[in-house]
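>>> need a structure here:
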Amino acid sequence: MAKVFQYFTNGEIPMKKKALLAMLLVMTLLLSSCALIVKDEAVDKSTVILKLGDKEYNKAEVQNYVDNVLYQMYQNAYNSGVNLDVTSSTVIASAQDTAIKQLKQDMTLRAKAAELGLDQLTEEETAQAKENAASDLETAKLYVKYYMLDEESQNLEGEELDKAIDEGLTQLGVSLEAYEKAAVDEVVDSKLKEYAVKDVTVSEDEIKAEYDAKVAADEEKYKENANSWVSADNNSTSTLYYAPAGVRRVKQILLKYKADDQTAINEAKSKVSEINTKISDAQKILDNADATEEEKAAAQADLDAANAELEEANKALEEARNTAFANLDEDADAILASLAENPDSWDKLMEEKNEDPGLQAGSTNAEKGYSVCEGMTSFDSAFVEAAMALKSVGDVSGKVKGEAYGYYIIKYISDVPEGPTDYESVKETVKSGVLTTKQDTVYDETIEQWIKDAGIKEDLGALNN
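Below is the predicted model:
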């Protein structure tokens with residue numbers, strides 16, 4: 001069953017308190033208006049809407065679930081910049097339909113798991129479910145603290161804060177027990193899926209067909225766009241199935257500016273930027289046909305002064321950079337001398353001296369290096385030009401002055417062959433994707449059939465009476 005807090009992402013708290021309060025007010029009014037037309041509220045709430053064996057959902061329980069679905073619909077719409085009208089009959093009908101489908105599925109899966117004996121968990125599975133539930137409850141507590149409590153209550157400590165949070169959890173109708181049940185259901189659902197798809201297989205033809213489709217798609221996407229390919233290769237762990245011409249891989253040893261030098265460079269850059277803004281502002285006045293002669297004269301004076309300032313500021317920036325590089329020369333020269341003496345020492349030196357986090361041990365590109373091509377724009381142009389200037393695999397550049405960070409020492413690692421990625425190298429990845437898709441389809445179809453065969457008794461008309 002869906003969780004109340006499934007709209008959280010990685011435990012982060014969406015800070016939209018005003019939107020939440022508005023939504024809660026709307027929901028309160030909506031439910032209050034419904035109550036006005038109920039003759040016997042207790043009897044009405046206890047009306048059975050869904051029944052399967054001993055499991056029942058009465059009107060109050062179903063409505064609570066519908067409210068959760070409505071909230072999630074509202075939150076998703078709000079995050080997309082849309083103000084969803086939760087009082088709309090169409091929206092309410094959609095939420096009810098979703099809630100009923102999910103409840104019927106949940107009832108069916110619980111019954112099927114019991115029938116197959118898959119609802120019994122091992123000690124390890126139970127322990128993991130409890131751990132997951134505890135984590136979910138902590139997320140809910142953070143939600144209550146930062147999303148429901150006022151500023152004064154948020155600043156409470158110890159037992160007082162715990163009490164305020166517990167009251168918020170009660171208002172939301174969530175508890176550790178509810179989360180533990182949901183966590184157990186997740187484990188059971190996983191077992192049910194394993195049971196349903198245990199005989200699903202994929203053929204060699206299916207794998208090859210999917211590979212061919214992926215190759216064709218990537219060829220169309222990247223063949224004439226090497227820049228896009230290297231960006232994808234450097235910034236994603238996804239498999240690419242076709243490589244364009246002109247791509248190579250390189251590694252580097254980056255020696256960053258010393259902290260004081262970096263500060264001096266930043267200050268000099270800031271000064272240059274400030275003066276360029278003055279020049280731009282003055283030029284706008286000079287280009288403005290409506291500006292008076294007096295305004296233009298003042299602007300021209302500002303422009304002349306700024307240009308003179310810019311020349312000095314650029315000199316100061318150049319001096320700051322020259323000083324910064326000079327302070328790196330000793331270390332850079334020592335690295336190059338070590339490489340000249342022992343070319344095989346590159347990996348050891350890169351591990352010891354490199355200050356580029358993108359190539360440090362454990363990073364995505366540490367093993368293969370960076371992909372580069374002519375004219376790529378995602379890296380410093382000085383780095384790209386030096387990398388592409390290397391003649392042969394194994395060549396190492398000298399000290400390359402970077403624009404932003406310091407010295408680059410670059411090694412040409414390999415060429416990326418143009419054309420489709422070798423089938424055997426990606427076969428297992430493709431197979432896994434095809435199998436997962438096929439299993440998901442089979443499981444969805446199996447669930448639909450289980451629901452049809454379950455014989456759930458329903459009284460949906462009573463939901464809106």
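>>> any idea how far A454 is from G419?
Distance, A454 to G419, by CB to CB, to the nearest Å: 52 Å. No exception for glycine: its C-beta is placed from N, CA and C like everyone else's.
>>> more neighbours: the two, which one.
The neighbour comparison of A454 against G419 (other CB atoms under 10 Å) goes to A454, with 17 against 13.
>>> how about the nearest residue to that one, chain neighbours excluded?
T108 (4.6 Å; CB to CB, 6 or more residues apart in numbering).
>>> give me the number of residues near that neighbour?
By other CB under 10 Å, neighbour count at T108 equals 23.
>>> likewise for V174?
Around V174 there are 21 residues (other CB under 10 Å).
>>> I'd say it and A140 touch.
Yes. V174 is in contact with A140 according to CB atoms under 8 Å; the separation is 5.5 Å.
>>> coming back round to it: the residue nearest to A454: what's it in contact with?
L52, I447, W450, I451, A454, I456 (CB atoms under 8 Å, 6 or more residues apart in numbering).
>>> please report phi then psi for it.
For T108, the backbone dihedrals are phi -60, psi -40 (criterion: degrees, to the nearest 10).
>>> so which helix or strand takes in A326?
Using DSSP states H and E, A326 maps to helix 293-341.
>>> can I get stretch 183-190 in CSV, CA atoms only?
Extracted in CSV, the C-alpha atoms of stretch 183-190 (Å, rounded to 0.1, in the frame of the first residue of the first chain):
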residue,chain,number,x,y,z
ALA,A,183,7.6,-2.4,5.3
VAL,A,184,6.5,-6.1,5.8
ASP,A,185,4.1,-5.7,2.9
GLU,A,186,7.0,-4.5,0.7
VAL,A,187,9.0,-7.7,1.5
VAL,A,188,6.0,-9.9,0.9
ASP,A,189,5.2,-8.1,-2.4
SER,A,190,8.8,-8.7,-3.5
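>>> just for the chain, where's the confidence low?
1-39 (pLDDT under 70).
>>> how is it divided into domains?
17-200, 248-415 (automatic domain parsing).
>>> would a markdown table of these with distance to Y423 be doable?
Shown next, in a markdown table, are the domains of the chain (distance: least, CB to CB, whole Å):
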| stretch | distance to Y423 |
| --- | --- |
| domain 17-200 | 23 |
| domain 248-415 | 19 |
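>>> indicate which one of those is closest to N465.
For the domains of the chain, the distance to N465 is smallest for domain 17-200, at 7.8 Å, taking CB to CB.
>>> can you classify A127 as helix, strand or coil?
helix (DSSP: H, G, I helix; E, B strand; the rest coil).
>>> and it, how many neighbours?
With other CB under 10 Å as criterion, A127 counts 11.
>>> tell me which helix or strand comes right after the helix holding A326.
helix 346-353.
>>> just the residues contacting that following helix, thanks.
By CB under 8 Å, 6+ apart, helix 346-353 touches K251, Q252, I253, L255, D331, I335, S338, L339, L359, A361, V396, K411.
>>> which of those residues count as buried?
K251, Q252, I253, L255, I335, L339, L359, V396, K411 (16 or more other CB atoms under 10 Å).
>>> and the second one, what does it touch?
By that I understand Q252. Counting by CB under 8 Å, 6+ apart, Q252 has contacts M350, N354, D356, L359, Y370, F383, Y408, I409, I410, K411.
>>> and the two most separated of those?
Counting by CB to CB, the most remote pair of these is M350 and F383, 15.2 Å apart.
>>> so what's the gap between the host helix or strand of A182 and the chain middle?
A182 is part of helix 176-196 when elements are defined by DSSP H and E. Offset of helix 176-196 from its chain centre (CA atoms, centre = their mean, to the nearest Å): 25 Å.
>>> residues in contact with it?
Counting by CB under 8 Å, 6+ apart, 1, 3, 106, 109-110, 112-113, 116, 118-119, 121, 125-126, 128-130, 132-134, 136-137, 140, 439, 442-443, 446-447 sit against helix 176-196.
>>> mind checking which of the residues you listed land in helices?
106, 109-110, 112-113, 116, 125-126, 128-130, 132-134, 136-137, 140, 439, 442-443, 446-447 (DSSP state H).
>>> just the buried ones from these, in PyMOL syntax?
The following PyMOL line selects those of those that are buried, judged by 16+ other CB under 10 Å:
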select buried, resi 106+109+110+112+113+125+128+129+132+133+136+137+140+439+443+446+447
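>>> for this protein, what spans make up the strands?
Here the chain has its strands, by DSSP state E, at 48-52, 55-58, 242-243, 248-256, 370-372, 400-401, 406-415, 419-420, 457-458.
>>> what packs against the second one?
So that's strand 55-58. With contacts taken as 3 or more CB pairs under 8 Å, 6 or more residues apart in numbering; DSSP states H and E, strand 55-58 sits against strand 48-52, helix 89-116.
>>> pick the most deeply packed of those.
The highest mean neighbour count among those, using mean count of other CB atoms under 10 Å, belongs to strand 48-52: a mean of 19.
>>> that one pairs with which strands, parallel or anti?
strand 55-58 (antiparallel), strand 457-458 (antiparallel) (DSSP bridges).
>>> can you dump the C-alpha coordinates of the longest one into PDB?
As requested, C-alpha coordinates have been extracted for strand 55-58 and formatted as PDB (Å, rounded to 0.1, in the frame of the first residue of the first chain):
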ATOM      1  CA  LYS A  55     -10.500  -8.300   5.100                       C
ATOM      2  CA  GLU A  56     -12.800  -5.300   4.900                       C
ATOM      3  CA  TYR A  57     -12.400  -1.600   4.100                       C
ATOM      4  CA  ASN A  58     -15.200   0.600   5.400                       C
END
